[in-house]
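Novice: got a sequence here, can you model it:
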Amino acid sequence: MDRNSPIGIFDSGVGGLTVYRALHERLPNERFVYLGDTARVPYGTKSLATVERYAVENSKFLEAHEIKLLVVACNTASALAVPAIRRAIRVPVIGVIEPGARAAVEITRDAKPGNIGIIATEATINSGAYAHAISALGATGTVIERACPLFVPLAEEGWANTDVARIVARDYLSDFSHTSIAALVLGCTHYPILRDVISETVGSEITLIDSGAATAADVEALLEQKSLTHDEPLGFAQERQLCDDLDHFYVTDAAERFAKVAERFLGSAPSILEAVEIWGHDELRTH
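Specialist: I've put the predicted structure just below:
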């Protein structure tokens, strides 16, 4: 496996761009190939078999682009399809749930009580994936979960820092004001966009866990462990910009909307963005 190959990332849509940002910031020497399955979003309403099929198709598409590691940025796919993905492709696979759970457990290990809050989409909450991962890591506190579906459109439409977002946040997060939690996991890739409003609502004393940032730390450790760190000469990282022409972005539909939301999330639109049919691998350059 070539250490200078790119890292693959896929999400059901645009939310995984927050994971891309976290990876880019932590690993500026690395190149990335991102796939947003915008034609088939949302995954949260689909059956297990369908999510597995979509996730495997996405993973094989990225593997064909000679990636050295795959990051499953979608929480639903991370919760339901990582075992199927690992059976289907040869490169290492990292999802976002275990890193986020581990970060929460580490932060709350010495807290009394060490309760952990989870906010995510309904599908991720219903899967119990975060609660199971936290329990498997030996956490002794209570896990309190809350689905916050309206946070997704608020983030995508640029309403993250509005009074509407604050009203929605107060309604969703009121449970946490009555229960002592030490950490709150942002268990959806869109939620870091609303980080300020969420922190304002629950209180600054509660540590917010960005699963994307935790995943980036795990990716860095795995690259070092497997000697897959990019070996570009010193100074390369200083020239990197988000969405520059060293990173390649693919979507399965709505490329123009993806570019607009990417600019909203990241401050710039992708330099290279292509629409593709994953099931046929036919490519059509759009930007």
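Novice: ok, Leu208 touching Thr201?
Specialist: No: using C-beta atoms under 8 Å, Leu208 is not in contact with Thr201, being 10.9 Å away. For the C-beta atoms, the positions are set from N, CA and C on the backbone; glycine is no exception.
Novice: so what secondary structure elements neighbour the helix or strand Glu220 falls within?
Specialist: When elements are assigned from DSSP states H and E, Glu220 belongs to helix 211-225. Applying 3 or more C-beta pairs under 8 Å, 6 or more residues apart in numbering; DSSP states H and E, one finds that helix 211-225 makes contact with helix 17-26, strand 69-72, strand 93-95, helix 97-108.
Novice: nearest to Ile134, of these?
Specialist: Across these, Ile134 has its closest neighbour in helix 97-108 (4.8 Å, C-beta to C-beta).
Novice: by contact count, what packs against that closest one?
Specialist: On a contact count with 3+ C-beta pairs under 8 Å, 6+ apart, helix 97-108 meets helix 75-80, strand 116-120, helix 129-136, strand 183-186, strand 207-210, helix 211-225.
Novice: quick check: buried residues in that helix?
Specialist: Neighbour counts over helix 97-108 (16 or more other C-beta atoms under 10 Å) mark 97-105, 107-108 as buried.
Novice: could you do stretch 62-81 as well?
Specialist: 62-63, 67-81.
Novice: what about that stretch, distance to the chain center?
Specialist: Here stretch 62-81 is found 10 Å from its chain centre; the criterion is C-alpha atoms, centre = their mean, to the nearest Å.
Novice: quote the end-to-end distance of it.
Specialist: Chord length of stretch 62-81, first to last residue, is 16 Å (C-alpha to C-alpha, to the nearest Å).
Novice: contacts only, for the closest residue to Glu25 other than its chain neighbours.
Specialist: For Glu25, ignoring the flanking residues on the chain, the nearest one in space by C-beta to C-beta, 6 or more residues apart in numbering is Ala216 at 7.4 Å. Residues in contact with Ala216 (C-beta atoms under 8 Å, 6 or more residues apart in numbering) are 19, 22-23, 25-27.
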